[in-house]
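Engineer: quick one: sequence and predicted model below, then my questions.
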Amino acid sequence: MSVVVVATIYPVPEHRSDVITAFVDAINQVHTHDHGCEVYALHESDDRLVMIEKWASAEVLEVHSTGDVLKELTQRINGKIIGRLDVQVLQPHPAGTPRQGSL
């Protein structure tokens, strides 16, 4: 069963571009190397960044969560974000049409 992750990040304003660059680099690595990644996408608003992820299973998410890409990303954003990342790991609850009711 797929697993969805939503991570919210609040960059320190003067480090916003550095944080975005770190995420873009991580996204490129994940898209290339992390098997089982179905969605790994960065979204932004004025004060926050939101990563929306979809993984084929909890097992492939665990591999990603303990992998080098995430370790490097964490190091690169250290001291450049406000507080901690708010990471929510979610199970799908489809409703409506199959195409529109789930990620």
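Structural biologist: Sure thing, it's come through. Numbering: from 1, shown residues only.

Engineer: which helices and strands does the helix or strand hosting residue 31 pack with?
Structural biologist: Secondary structure from DSSP states H and E places residue 31 in helix 16-33. Helices and strands touching helix 16-33, by 3 or more Cβ pairs under 8 Å, 6 or more residues apart in numbering; DSSP states H and E, are strand 37-44, strand 49-55, helix 68-77. (C-beta placed from N, C-alpha, C; glycine too.)

Engineer: if you count neighbours, what's buried in it?
Structural biologist: For helix 16-33, burial by neighbour count (16 or more other Cβ atoms under 10 Å) applies to 16, 19, 20, 22, 23, 26, 27, 29, 30.

Engineer: what's near enough to touch the second one?
Structural biologist: Right, the one you point to is residue 19. Each residue near residue 19 by Cβ atoms under 8 Å, 6 or more residues apart in numbering is listed here: 9, 11, 12, 49, 77, 80, 81.

Engineer: tell me, how many neighbours does the fifth one end up with?
Structural biologist: The number of residues packed around residue 77, counting by other Cβ atoms under 10 Å, is 22.

Engineer: what do you get for the first one?
Structural biologist: Other residues near residue 9 number 24, with proximity taken as other Cβ under 10 Å.

Engineer: pLDDT at it, what is it?
Structural biologist: Listed pLDDT for residue 9 reads 98.

Engineer: burial count for the closest residue in space to it that isn't next to it in sequence?
Structural biologist: Once flanking residues are discounted, residue 9 sits nearest to residue 49: 4.4 Å by Cβ to Cβ, 6 or more residues apart in numbering. The number of residues packed near residue 49 is 20, by other Cβ under 10 Å.
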